[in-house]
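A.B. asks: sequence first, then the predicted structure:
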Amino acid sequence: MSYSTPRKARAGQGPDPFARLDEGKLWPVYVFLSEDPGLADEFIARLRAALIDPGLASFDLEMLAADELDIEDARQKLCQLPVGAHRLVVIRDLTRPGADGPVYSELKKNGTVELCKALGALAAGSSKKGKSDDEKSVHAVVTALPKKELAPIFKETGLTKYVVELAPPEADELTGMVKRWAAERKLTLDADAARLLIDIAGESTGTLRSEIEKFATVSPDGRVTAALVRELAGCSREFQLKEYVDRVLERDPARAIPILRGLEEWGEDTPKIIGWLVNGFLGLVAAKSRGWRASAAGRWASIEEINRCLQQLYKVNRAKMTGKGEEFARLELFTLCVACRAERPACGLPRDNEEHELCMLSRRRRRRVAVS
């Protein structure tokens, strides 16, 4: 089965794994690093089609999340022989978004090391086997956000040559991918409609795939027009905006910031985002004044704390109106600051030769540090 390579891939060592798959040459282990976790999905789908008999998928295909993984169970699954010719074990999100960049999954660092040792053992064992086409084989795919602390772990466990950094696709490549995903769902999507979808929904492959699934659900004749793209993809932006506001009100920056970055990719207007945030905080004020502790209202100590956030949003909006720029960077700092409950002795966020204008710490506890 032949495929075209949908994007560039930079391997730690050796040839492009996409090209090797086209040639029928497989690695025992693939470790994909990408800021966009969905970039690996295309390769996983192709690897699954090449290796797994659909009738035996319940036996020979394992789709696992690192956050829910038990190391002993993982070792067993990696050692288990296939019922058919091949077995594929996929482990997602070895690292995930955190407030200060990628963080380890629930496996933590020690569990990550143990899992990588098991993957290294699988790779070493595979390299010692013969080249018989009839021999049963086990393959593993791991996805993760890039994190510099992973490099020595990969080196120590012998995985470095199986690490692949997936680069974002070029515009024409991404358009082709969207059209192909649509064709797989028996949808007719021309190049103009595909480009419009990318313009509205952004370049996240996960978001684009979800939009294609939505079109497949609502389009009775399989035709996806530009008008349908504008209608449905626009609704998705509204949903993501609401989701971002909900995460901010819950003081959950780890989930809020990736959504905010997606809104930035979509080209969402910051005044609109600020307006939604203000309405959300005003709703919290009303809830607190009535003594409600349900939902996000219970995460806030007082109305004064909420009012302080409203004041900071005014400053973010004023910076936008006065042409200071970097409004999304200011919103990202605001999102981090909202999570602060003034429990730390000092604010660690960068400041431009002045106290951070979005700081949630009280003036009494705020450390005055000039950052050059």
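C.D. replies: Structure received.
A.B. asks: doesn't Gly176 lie inside a helix?
C.D. replies: Yes - under DSSP: H, G, I helix; E, B strand; the rest coil, Gly176 sits within a helix.
A.B. asks: check what pLDDT it gets.
C.D. replies: pLDDT for Gly176: 86.
A.B. asks: and the gap between it and Glu42?
C.D. replies: 11 Å (Cβ to Cβ, to the nearest Å). Where you see a C-beta, it was placed from the backbone N, CA and C, and this is true even at glycine.
A.B. asks: the two: which is more packed in?
C.D. replies: Neighbours per residue (other Cβ atoms under 10 Å) separate Gly176 from Glu42, with Glu42 holding more: 21 against 17.
A.B. asks: burial of the nearest residue to Trp300 once chain neighbours are set aside, as a residue count?
C.D. replies: Excluding the flanking residues, the one nearest Trp300 by Cβ to Cβ, 6 or more residues apart in numbering is Ile306, at 5.6 Å. Ile306 is flanked by 22 other residues according to other Cβ under 10 Å.
A.B. asks: now swap in Arg247 and tell me
C.D. replies: 22.
A.B. asks: my read: it touches Leu263, true?
C.D. replies: No - Arg247 is beyond contact range of Leu263, at 11.8 Å (criterion: Cβ atoms under 8 Å).
A.B. asks: give me the mean pLDDT for the helix or strand harbouring Leu119.
C.D. replies: Following DSSP states H and E, one finds Leu119 within helix 108-128. For helix 108-128, mean pLDDT rounds to 90.
A.B. asks: and the helices in the stretch 101-250 of the chain?
C.D. replies: For the stretch 101-250 of the chain, applying DSSP state H, counting those that start in this stretch gives helices covering 108-128, 150-156, 171-184, 191-201, 205-218, 226-249.
A.B. asks: where does the stretch 151-300 of the chain dip in pLDDT?
C.D. replies: Applying pLDDT under 70 to the stretch 151-300 of the chain flags the ranges 234-236, 288-298.
A.B. asks: how about a cut-off of 90?
C.D. replies: Applying pLDDT under 90 to the stretch 151-300 of the chain flags the ranges 161, 164-177, 180-181, 184-185, 189-247, 249-272, 274-276, 278-300.
A.B. asks: about what we covered before: quick check: buried residues in the helix holding Leu119?
C.D. replies: By neighbour count with 16 or more other Cβ atoms under 10 Å, helix 108-128 contains the buried residues 111-112, 114-120, 122-123, 126.
A.B. asks: need the residues that contact it.
C.D. replies: Outside helix 108-128, the residues that touch it by Cβ atoms under 8 Å, 6 or more residues apart in numbering are 27-29, 31, 66, 69, 71, 74-75, 78-79, 91, 94, 104-105, 107, 137-138, 140, 142, 149-150, 153-154, 156-159, 162.
A.B. asks: so what's Ser34 up against?
C.D. replies: 40, 143, 145-146, 165-166.
A.B. asks: and with 7 Å instead?
C.D. replies: 40, 166 (Cβ atoms under 7 Å, 6 or more residues apart in numbering).
A.B. asks: one more: Gly283?
C.D. replies: Gly283 makes no contacts at all, as judged by Cβ under 7 Å, 6+ apart.
A.B. asks: between the two ends of stretch 123-135, how far is it?
C.D. replies: End-to-end distance of stretch 123-135 (Cα to Cα, to the nearest Å): 15 Å.
A.B. asks: got the contact list for the residue nearest to Trp300?
C.D. replies: Applying Cβ under 7 Å, 6+ apart to Ile306 gives the contacts 281, 284-285, 288, 300.
A.B. asks: and the gap between it and Lys272?
C.D. replies: 21 Å.
A.B. asks: backbone dihedrals for Arg251, please?
C.D. replies: The phi and psi values for Arg251, taken as degrees, to the nearest 10, are phi 60, psi 50.
A.B. asks: contact partners for it?
C.D. replies: 299, 338-339 are the contacts of Arg251 under Cβ under 7 Å, 6+ apart.
A.B. asks: who wins for most neighbours among those residues?
C.D. replies: For those, the largest number of neighbours (other Cβ under 10 Å) sits with Val338, at 28 neighbours.
A.B. asks: you'd agree that residue is up against Val248?
C.D. replies: Yes - with contact defined as Cβ atoms under 7 Å, Val338 counts as touching Val248 (5.6 Å).
A.B. asks: circling back to that earlier point, Throw the contacts of Ile306 into CSV and include secondary structure, distance to Lys320 and neighbour count, thanks.
C.D. replies: Formatted as CSV, the entries for those read as follows, by DSSP: H, G, I helix; E, B strand; the rest coil; distance: Cβ to Cβ, whole Å; neighbours: other Cβ atoms under 10 Å:
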residue, secondary structure, distance to Lys320, neighbour count
Phe281, helix, 18, 22
Leu284, helix, 23, 21
Val285, helix, 23, 15
Lys288, helix, 28, 19
Trp300, coil, 25, 21
